[in-house]
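Novice: no sequence on this one, just coordinates:
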């Protein structure tokens, strides 16, 4: 089974590596990382090809890009991602929060992949922007705080990864 693992800087990658430790090496892992992320690749413990795309949106000092800039960058991310997804042909897209998870989820679903989304442990009372965008697309939507299942009934509480 081919699994495309979407990594994001900092805590996103840490949580995903913890999850992959639980899943083990019995899968063919491919990793998707933002082109600007220089840290996540060094954290990979189960080998697999690493693919990079530009971010669909940037956060700088707590501010995000304007809607037109984000739309342009998202179109660029999608254009970069289509040939990657065609090459990988993942059975599963496994993501947990970075902005690149959204285009990966959309294209993965269009190509017939299952989507497993794990909301970040930092999201205690509401979903992240990425989580809100992929909630209805996810085949399995996992949260790390039980109270989130009250507002998001399709979510499954599975404990914390950190």
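Specialist: Received the coordinates, thanks. These figures come from a predicted structure and were not determined experimentally.
Novice: So residue 18 sits against residue 161, correct?
Specialist: Yes - taking contact to mean C-beta atoms under 8 Å, the distance of 4.4 Å between residue 18 and residue 161 places them in contact. All C-beta atoms are positioned from the backbone trio N, CA, C, and that covers glycine.
Novice: Who has more neighbours out of those two?
Specialist: Between residue 18 and residue 161, residue 161 has the larger neighbour count (other C-beta atoms under 10 Å), namely 19 against 14.
Novice: What residues does the more buried one make contact with?
Specialist: Residues in contact with residue 161, defined by C-beta atoms under 8 Å, 6 or more residues apart in numbering, are 15, 18, 19, 118, 121, 144.
Novice: now do residue 127
Specialist: For residue 127, the residues meeting the contact criterion (C-beta under 8 Å, 6+ apart) are 119, 135, 148, 152.
Novice: how does it look with 10 Å?
Specialist: With contacts taken as C-beta atoms under 10 Å, 6 or more residues apart in numbering, residue 127 has the following neighbours: 97, 117, 119-120, 133-135, 141, 143, 148, 151-152, 155.
Novice: Among those residues, which ones are in helices?
Specialist: The members of the contacts of residue 127 that map onto helices under DSSP state H are 133, 134, 148, 151.
Novice: Low-confidence stretches in the protein?
Specialist: For the chain, the stretches flagged by pLDDT under 70 are 10, 57-65, 162.
Novice: At which residues are the helices of it located?
Specialist: Read by DSSP H, the chain holds these helices, from start to end of the chain: 11-23, 67-88, 101-110, 129-134, 148-151.
Novice: Would you mind giving these as TSV with distance to residue 49 added?
Specialist: As requested, the helices of the chain are exported to TSV (distance: least, C-beta to C-beta, whole Å):
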stretch	distance to residue 49
helix 11-23	15
helix 67-88	8
helix 101-110	15
helix 129-134	23
helix 148-151	33
